[in-house]
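Colleague: Need the 3D shape of this:
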Amino acid sequence: MRKVVVYELLSLDGVAEKPDGFFAHWDDAMEVNLSAVISAQDSVILGRRSYEEWAEYWPDSDIEPFATFINGVAKYVITSTPLDREWANTTVIDGELVEFVRDLKSQSGADIGVHASISAAQTLLAAGVVDELRLVVAPMIAGSGRRLLDGLPPIRLESIRAATSPAGYLLVDYRVIG
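Modeller: Presented below is the predicted three-dimensional model:
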């Protein structure tokens with residue numbers, strides 16, 4: 001069965017919203033980490049806000065390896081209204097997110113990524129559908145903003161890996177214990 005992997009950029013206090021406000025530097029260790037995450041994925045779940053922001057930015061971006069990955073990968077968007085922009089390989093999720101992802105997990109393929117979409121990640125975590133969390137934690141306290149783990153029930157995690165990048169960012173991976 002495929003894995004659902006949530007990849008998020010966080011401040012030390014757990015804020016996931018607008019990470020460009022607390023990610024001042026991107027070093028080689030973070031690049032290697034991202035490359036490992038995306039090389040194992042063949043599909044991505046996005047919320048509507050993330051989709052709209054990314055559909056405007058990534059099609060013309062030359063920031064690699066993410067631009068090639070996100071422009072080519074199958075993207076599934078959770079939204080109740082039509083999308084404003086078209087983007088290659090995009091499908092609007094028809095129906096309920098959790099059931100859609102459970103069905104997608106049962107199909108053959110590689111990992112399913114959840115990137116930047118706080119609400120989608122929270123919904124899938126609360127439903128017990130997420131298999132792994134891959135977090136990059138900035139050495140900064142954001143102070144305010146939407147936090148990835150707010151409002152979730154207790155979820156037991158097992159540490160898979162922890163490292164510190166040369167710029168001081170924590171690269172931490174957890175397996176969700178179900």
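
Colleague: Quick check: Val77 vs Ala29, distance?
Modeller: 31 Å (CB to CB, to the nearest Å). (Each C-beta comes from the backbone N, C-alpha and C, glycine too.)

Colleague: These two: who's more crowded?
Modeller: Taking other CB atoms under 10 Å, Val77 and Ala29 do not tie; Val77 has more neighbours (21 against 16).

Colleague: Surely that one is in a strand?
Modeller: Yes. Counting by DSSP: H, G, I helix; E, B strand; the rest coil, Val77 is part of a strand.

Colleague: List the contacts of it.
Modeller: With contact taken as CB atoms under 8 Å, 6 or more residues apart in numbering, Val77 is in contact with 45-48, 51, 83, 90-93.

Colleague: name the element the closest residue to Glu86 other than its chain neighbours belongs to?
Modeller: Spatial nearest neighbour of Glu86, excluding adjacent residues (CB to CB, 6 or more residues apart in numbering): Ala55 at 7.6 Å. Here Ala55, judged by DSSP states H and E, is contained in helix 48-57.

Colleague: Check the offset of that helix from the chain's centre.
Modeller: Here the centre of helix 48-57 is set off from its chain's centre by 13 Å, with CA atoms, centre = their mean, to the nearest Å.

Colleague: Need the CA coordinates for that helix. PDB is fine.
Modeller: Coordinates of each C-alpha in helix 48-57 appear next as PDB, following Å, rounded to 0.1, in the frame of the first residue of the first chain:
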ATOM      1  CA  ARG A  48      -7.300  25.300  -2.900                       C
ATOM      2  CA  ARG A  49      -5.300  28.200  -1.500                       C
ATOM      3  CA  SER A  50      -2.000  26.300  -1.900                       C
ATOM      4  CA  TYR A  51      -3.100  25.300  -5.400                       C
ATOM      5  CA  GLU A  52      -3.900  28.900  -6.500                       C
ATOM      6  CA  GLU A  53      -0.600  30.300  -5.100                       C
ATOM      7  CA  TRP A  54       1.500  27.500  -6.600                       C
ATOM      8  CA  ALA A  55      -0.300  27.400 -10.000                       C
ATOM      9  CA  GLU A  56       0.600  31.100 -10.400                       C
ATOM     10  CA  TYR A  57       4.300  30.600  -9.300                       C
END
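
Colleague: tell me what it is packed against?
Modeller: Using 3 or more CB pairs under 8 Å, 6 or more residues apart in numbering; DSSP states H and E, the elements in contact with helix 48-57 are strand 74-78.

Colleague: now the strand it packs on against helix 48-57, angle please.
Modeller: Strand 74-78 and helix 48-57 meet at an angle of 140 degrees, taking axes from the mean of the first three to the mean of the last three CA atoms, to 10 degrees as the criterion.
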